[in-house]
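S.K.: With the sequence up front, the predicted model follows.
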Amino acid sequence: MTIPGQSDGSVVTTKDAAPGETLLKVTGLQKHFPIRKGLLQRQVGAVRAVDGLDFEVKAGETLGVVGESGCGKSTMGRLITRLLEPTAGTVEFEGKDITHLGVGGMRPLRRDVQMIFQDPYSSLNPRHTIGTIIGAPFKLQGVTPEGGIKKEVQRLLSVVGLNPEHYNRYPHEFSGGQRQRIGIARALALNPKLVVADEPVSALDVSIQAQVVNLLDDLQQELGLTYVIIAHDLSVVRHVSDRIAVMYLGKIVELADRDSLYRAPMHPYTKALMSAVPIPDPKRKSAKSERILLRGDVPSPISPPSGCRFHTRCWKATEICRTTEPLLLELKPGQRVACHHPENFEDQAPQDTVLLSDAKEAAELVPEEVLEESAQTSAAVAAEVEAEATSKQPAEGATEETAADGPEGAAAAEPEESTAAAAEAESDAEASADAPEEPDASEESDESEPAAGGGVSEASGDSGKPEASAGQESTDK
Ligand SMILES: Nc1ncnc2c1ncn2[C@@H]1O[C@H](COP(=O)(O)OP(=O)(O)OP(=O)(O)O)[C@@H](O)[C@H]1O
């Protein structure tokens with residue numbers, strides 16, 4: 001697809017921030033909507049829509065943000081475009097703190113940061129022609145493009161694949177997909193650096209969705225745009241995102257580059273979301289066809305669950321998940337996760353093995369195959385880490401320090417089991433399309449301690465808890 005140049009006739013391919021540099025940085029971002037009651041409108045509580053987000057968006061990349069309805073995605077989008085005032089935290093754009101800029105201070109920034117909205121039916125004024133709608137940003141910013149507004153609007157119409165001759169038509173004369181193209185043309189009018197698209201295709205027919213997603217993709221290539229694309233499931237962001245943030249109840253639970261996330265999701269919630277997405281690859285179809293049903297609705301953001309917010313619906317939840325909030329930690333390069341008992345990685349709280357009753361109920365909705373796979377993967381990862389550590393010990397002469405650390409002592413006492421698990425892991429890797437994850441896992445082992453498997457695995461830590469309790473958990477499910 002060829003995109004005509006801007007008013008000066010040249011093709012725009014670069015932006016101020018070099019590709020890969022941080023364009024947007026969000027730290028500790030919160031938005032609590034107050035709940036007021038009574039005559040005096042006293043605040044009696046708050047909806048904790050966004051409750052402490054930390055992430056960066058690099059120039060030229062697409063960050064996909066996914067999560068169930070009500071998890072705070074749209075609020076996050078409105079905060080980073082400064083359509084909402086944050087309760088706490090900071091938003092930096094190109095290194096400049098824009099968190100509390102007023103209307104005047106924000107005006108120049110409005111050119112650089114644009115938003116595309118979900119519903120192309122309600123986001124376009126039905127009384128205005130599309131020429132007026134797409135030309136509005138120029139008037140608001142007091143900018144006159146070279147050749148005049150009309151010429152520039154017609155150029156933008158052709159950029160988004162619409163007939164420039166339709167300049168004088170009204171929104172109702174266009175289909176949903178065409179209206180979303182109009183919304184995109186309006187967002188591009190001022191040549192922005194960052195475009196936040198809030199569910200850009202979810203109101204469209206499935207057949208039209210791909211066209212609009214492809215258009216966004218083409219525009220990014222041609223114009224060097226940076227996107228934050230918000231969606232409620234992974235299928236939309238899968239093909240366009242470089243990195244994906246998974247949100248749950250106002251928090252990011254996993255943030256990873258796309259390939260790592262799809263190859264080996266680490267948060268159980270990510271795994272559940274992924275199991276809901278049809279997988280076209282026939283090689284993976286049989287392995288992943290089991291869907292994970294989540295128990296109940298998302299809890300209320302007015303009083304979110306303690307500890308890990310997902311613990312009330314998670315099949316791996318133990319006491320630590322109820323009491324202690326897991327931090328969003330980079331467990332693998334480029335993959336951050338907030339979980340005490342992650343998938344595809346060694347357990348972060350191996351001593352905590354007794355499942356909560358909530359978890360046992362949640363596990364009833366998780367197919368046996370998924371639970372088995374989860375336990376096997378965790379055991380395999382633990383065994384691999386252990387094998388790596390064992391092979392390194394004599395070479396590096398660091399045996400004493402490593403051995404004194406704890407959990408690995410118990411793991412090392414079970415060489416047969418570990419070898420069997422490692423062999424299983426190897427054969428799994430050969431047979432599976434997920435094989436590329438292997439190098440990651442072994443890289444990790446350099447600095448990671450061997451540990452027991454996931455909360456549902458049989459591997460036991462050194463907590464002194466009877467092994468039977470760990471074994472029993474597996475049967476409980
Ligand atoms: N202006 C507001 N006042 C009070 N509560 C709000 C407001 N806007 C959003 N909320 C609440 O904040 C929470 C997060 O809403 P948000 O729209 O950001 O979620 P979302 O993940 O985008 O969901 P959806 O996909 O349904 O739009 C919800 O519980 C919502 O009811």
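M.R.: Great, that's in hand.
S.K.: What are the boundaries of the strands in the protein?
M.R.: Per DSSP state E, the chain carries strands over the ranges 22-37, 42-58, 62-66, 88-93, 96-97, 113-116, 194-198, 226-231, 243-248, 251-257, 329-332, 335-337.
S.K.: how about the ones you listed in a markdown table, adding mean neighbour count?
M.R.: Using the backbone N, CA and C atoms, a C-beta is placed for each residue, glycine as well. Output for the strands of the chain, formatted as a markdown table (neighbours: other C-beta atoms under 10 Å):
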| stretch | mean neighbour count |
| --- | --- |
| strand 22-37 | 17 |
| strand 42-58 | 19 |
| strand 62-66 | 25 |
| strand 88-93 | 18 |
| strand 96-97 | 12 |
| strand 113-116 | 24 |
| strand 194-198 | 26 |
| strand 226-231 | 26 |
| strand 243-248 | 25 |
| strand 251-257 | 24 |
| strand 329-332 | 16 |
| strand 335-337 | 25 |
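S.K.: so where is the stretch 301-450 of the chain shaky, pLDDT-wise?
M.R.: 385, 389, 392-450 (pLDDT under 70).
S.K.: For it, what lies in contact range of the ligand?
M.R.: P301 (C-beta under 6 Å from any ligand atom).
S.K.: contacting residues for the residue lying closest to Q209 once chain neighbours are set aside?
M.R.: If the residues on either side of it in the chain are set aside, Q209 comes closest to V201, at 4.1 Å by C-beta to C-beta, 6 or more residues apart in numbering. By C-beta atoms under 8 Å, 6 or more residues apart in numbering, the contact set of V201 is 180, 208-209, 212-213, 231, 236.
S.K.: Look at V201 and report its pLDDT.
M.R.: Model confidence at V201, expressed as pLDDT, equals 89.
S.K.: taking the contacts of V201 one by one, which sit in helices?
M.R.: Counting by DSSP state H, the part of the contacts of V201 found in helices is 180, 208-209, 212-213, 236.
S.K.: out of those, which is most surrounded?
M.R.: Neighbour counts for those (other C-beta atoms under 10 Å) peak at Q180, which has 31 neighbours.
S.K.: so who does the closest residue to that residue other than its chain neighbours touch?
M.R.: The shortest distance from Q180 to any non-neighbouring residue, by C-beta to C-beta, 6+ apart, is to P120 (4.2 Å). Listed by C-beta under 8 Å, 6+ apart, the contact set of P120 reads 176, 179-180, 182-183, 203-204.
S.K.: now do A203
M.R.: 118-121, 176, 180.
S.K.: mind checking how far Y167 is from the ligand?
M.R.: Per C-beta to the nearest ligand atom, to the nearest Å, Y167 is found 32 Å from the ligand.
S.K.: Which residue comes closest to that residue once chain neighbours are left out?
M.R.: Y167 sits nearest to G131 (C-beta to C-beta, 6+ apart), 4.1 Å away.
S.K.: is it true that that neighbour touches L156?
M.R.: No: look at G131 against L156 with C-beta atoms under 8 Å: they stay out of range, at 10.2 Å.
S.K.: among the contacts of P120, who's most crowded?
M.R.: The most neighbours, when the contacts of P120 are compared by other C-beta under 10 Å, belong to Q180, which has 31 neighbours.
S.K.: Which pLDDT value goes with it?
M.R.: Value for Q180, per-residue pLDDT: 91.
S.K.: For it, give me its contacts.
M.R.: 116, 120, 200-201, 203-204, 212.
S.K.: List the ones among those that fall in helices.
M.R.: V212.
S.K.: Tell me the one of the contacts of Q180 nearest the ligand?
M.R.: A203 (11.5 Å; C-beta to the nearest ligand atom).
S.K.: What is the burial count for the residue in the stretch 101-250 of the chain that the ligand sits nearest to?
M.R.: Per C-beta to the nearest ligand atom, H232 is where the stretch 101-250 of the chain lies closest to the ligand, at 5.2 Å. Residues within reach of H232, counting by other C-beta under 10 Å, total 19.
S.K.: before we move on, what about G77?
M.R.: Neighbours of G77 using other C-beta under 10 Å come to 24.
S.K.: again with V298
M.R.: Neighbour number of V298 under other C-beta under 10 Å is 18.
S.K.: any idea how far the ligand is from it?
M.R.: 9 Å.
S.K.: quick one, phi psi at that residue?
M.R.: Per-residue torsions, V298: phi -60, psi 130 (degrees, to the nearest 10).
S.K.: how about it, what does it touch?
M.R.: Contacts of V298 (C-beta under 8 Å, 6+ apart): 68-71, 248-249.
S.K.: Angles on the backbone of the residue in the stretch 251-400 of the chain that the ligand sits nearest to, please.
M.R.: Residue nearest to the ligand within the stretch 251-400 of the chain (C-beta to the nearest ligand atom): P301, separated by 4.8 Å. With angles defined as degrees, to the nearest 10, P301 sits at phi -70, psi 0.
S.K.: Quick check: it touching M247?
M.R.: No: the pair P301 / M247 is not scored as a contact, 11.3 Å apart, by C-beta under 8 Å.
S.K.: joint contacts of these two?
M.R.: Joint contacts of P301 and M247 (C-beta under 8 Å, 6+ apart) are G72.
S.K.: Serialize the contacts of V298 to TSV and add fields for distance to C314 and pLDDT.
M.R.: As requested, those are exported to TSV (distance: C-beta to C-beta, whole Å; pLDDT from 0 to 100):
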residue	distance to C314	pLDDT
E68	14	90
S69	19	89
G70	18	90
C71	15	93
Y248	10	96
L249	12	96
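S.K.: Just give me the neighbour total for G38.
M.R.: 7.
S.K.: Just give the closest residue to L23, not the sequence neighbours.
M.R.: For L23, the spatially nearest residue (C-beta to C-beta, 6+ apart) is A59, at 4.4 Å.
S.K.: okay, now that neighbour: neighbour count?
M.R.: 21.
S.K.: show me the contacts for it.
M.R.: 15, 17-23, 193, 224, 226.
S.K.: now the residues you listed: which count as buried?
M.R.: Among those, those buried by neighbour count (16 or more other C-beta atoms under 10 Å) are 15, 17, 23, 193, 224, 226.
S.K.: surely F117 meets L124?
M.R.: No: taking contacts as C-beta under 8 Å, F117 lies outside contact range of L124: 9.3 Å.
S.K.: Quickly list what's touching both of the two.
M.R.: What both F117 and L124 touch, as defined by C-beta under 8 Å, 6+ apart, is the set G183.
S.K.: Between the two, which has more neighbouring residues?
M.R.: Neighbour totals were compared for F117 and L124, and L124 leads with 22 against 19 (other C-beta under 10 Å).
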